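> Got a sequence here, can you build the structure:
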Amino acid sequence: MATADQIKSLIRSYSEEDRERFYSIALQVAAHEAKQGHATLAHEIRELVDTHKRRAHQGLTVVPFPQELKGLVVSESPDIPFKSLVAPQTTLDRFNRVVKEFYQRGKLQQHGLSNRRRLLLAGPPGTGKTMSARVLAHELKLPLYTVQVDRLVTKFMGETSAKLRQIFDIMVQKQGVYFFDEFDAIGGDRAMDNDVGEMRRVLNALLQFIEQDQSDSIIVAATNNPKLLDLALFRRFDDVLYYSLPDEGERKQLIELVMGTFLASRFAWKKVLSGCDGLSQAEIGSACRDAIKEAVLHDRSKVSATELTTTLNQRRQVYSRL
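A predicted model of the protein is given here:
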């Protein structure tokens, strides 16, 4: 049966709402049982984990917005706790400030002040912008509404401003965290030579909507390239947070978080951390999960530094071919 440490880790991860760590430990228990010759039990545990993951993904549904906006906004109720976010302490502190101000917004309003409601997240792909929006929604106990900005522009060129107005009107009715990914698709610099008149009108409308928004919802916009954004947009946000590839300390923290009890007791950290060079948080996390899968499939309860370095190198090789 599962060891005492595994049982305690399962209970601890469940109480801390750390879903990924809970899954990781459960799969380790499955590997342990398989090694003991309990193949049926191991299979049942893996099936339970897979079923729970599928149900979690099924929580991603289309928001019951007006029919003409169907497919442009999706909704989910994230269960990713704050501790899962790996970022510089300054970034974590600023997110904590958003949460604190949200829960004490009544006190601020008594003094004519408002809580931070508009955040702009900028940085390379895979560095944690989308995850930050999910963590924020979980901490604020609000649904996350993701606006498919690229679809909004390509599908409704000529009607984009009207669709945006509808979304901002709904923010008043449906409180939540509204996440605008690929924000530069509608927030591009108006001075760019290749800009078209319609997109300039969209940007002007967007600036007005953000300025006039009086809802209790949180607006989070993300871009991979802040240099593409119009400078006027930056003044409309309460906070601008810049993301980057993880440093050595953040890499180690992320690996420990994802690997959990699969991490071997003797681990060649220097070799592994060096293998993370150039990889984003998302890519390192994926490499960790790949290594865990290999361990589970081979009925092993631990992942060595060599095995993790292998999956990290596989991720790096993708870029060497570009």
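
> Show me the domain layout of the protein.
1-58, 61-242, 246-317 (automatic domain parsing).

> I'd like the ones you listed as CSV, with mean neighbour count and mean pLDDT appended.
All C-beta atoms are positioned from the backbone trio N, CA, C, and that covers glycine. Putting the domains of the chain into CSV (neighbours: other C-beta atoms under 10 Å; pLDDT from 0 to 100) gives the following:
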stretch, mean neighbour count, mean pLDDT
domain 1-58, 16, 68
domain 61-242, 17, 82
domain 246-317, 18, 91
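
> which residues touch Asp247?
Counting by C-beta atoms under 8 Å, 6 or more residues apart in numbering, Asp247 makes contact with Pro88.

> What distance do you get for it to Gln109?
39 Å (C-beta to C-beta, to the nearest Å).

> With Val220 instead?
In terms of C-beta to C-beta, Val220 sits 22 Å off from Gln109.

> you'd agree Leu233 is up against Leu207?
Yes: the pair Leu233 / Leu207 is scored as a contact, 6.9 Å apart, by C-beta atoms under 8 Å.

> Within the helices and strands, which one has the residue nearest the centre of the chain?
Among the residues of the chain, the one closest to the centroid is Met131, at 1.1 Å (C-alpha atoms, centre = their mean). Here Met131, judged by DSSP states H and E, is contained in helix 129-140.

> what does Ser75 give?
Ser75 is part of strand 73-76 when elements are defined by DSSP H and E.

> That strand: partners in the sheet, and parallel or antiparallel?
Applying DSSP bridges, strand 73-76 is found paired with strand 61-62 (antiparallel), strand 144-147 (antiparallel).

> On the C-terminal side of that strand, identify the next helix or strand.
The helix or strand immediately downstream of strand 73-76 is helix 89-103, counting by DSSP H and E.

> name the helices or strands packed onto that following helix?
helix 129-140, strand 239-242 (3 or more C-beta pairs under 8 Å, 6 or more residues apart in numbering; DSSP states H and E).

> and these as JSON lines, adding distance to Val29?
Output for the helices and strands packed on helix 89-103, formatted as JSON lines (distance: least, C-beta to C-beta, whole Å):
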{"stretch": "helix 129-140", "distance to Val29": "26"}
{"stretch": "strand 239-242", "distance to Val29": "38"}
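
> Figure out which of these is closest to Trp269.
helix 129-140 (23.8 Å; C-beta to C-beta).

> Give me the contact list for that closest one.
Residues from elsewhere that reach helix 129-140 (C-beta under 8 Å, 6+ apart): 17, 76-82, 84-85, 87, 95, 98-99, 102, 119, 121-123, 143-144, 146, 176-177, 179, 181, 218, 220, 222, 241, 243, 281.

> Assumed Ala222 was part of a strand.
Yes: according to DSSP: H, G, I helix; E, B strand; the rest coil, Ala222 belongs to a strand.

> How about the contacts made by it?
120-122, 129-130, 133, 179-183.

> 7 Å instead?
121, 129-130, 181, 183 (C-beta atoms under 7 Å, 6 or more residues apart in numbering).

> Now distance to His138 too, for these, in CSV please.
Supplementary listing: these in CSV, determined by distance: C-beta to C-beta, whole Å:
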residue, distance to His138
Leu121, 16
Lys129, 15
Thr130, 13
Asp181, 18
Phe183, 22
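
> Now Val98. Nearest residue, chain neighbours left out?
Once flanking residues are discounted, Val98 sits nearest to Arg116: 4.9 Å by C-beta to C-beta, 6 or more residues apart in numbering.

> Now name the helix or strand holding the one you found.
Per DSSP H and E, there is no helix or strand for Arg116.

> Strands of the stretch 101-250 of the chain, residue ranges please.
According to DSSP state E, counting those that start in this stretch, the stretch 101-250 of the chain carries its strands in the segments 118-122, 144-147, 177-180, 218-223, 239-242.
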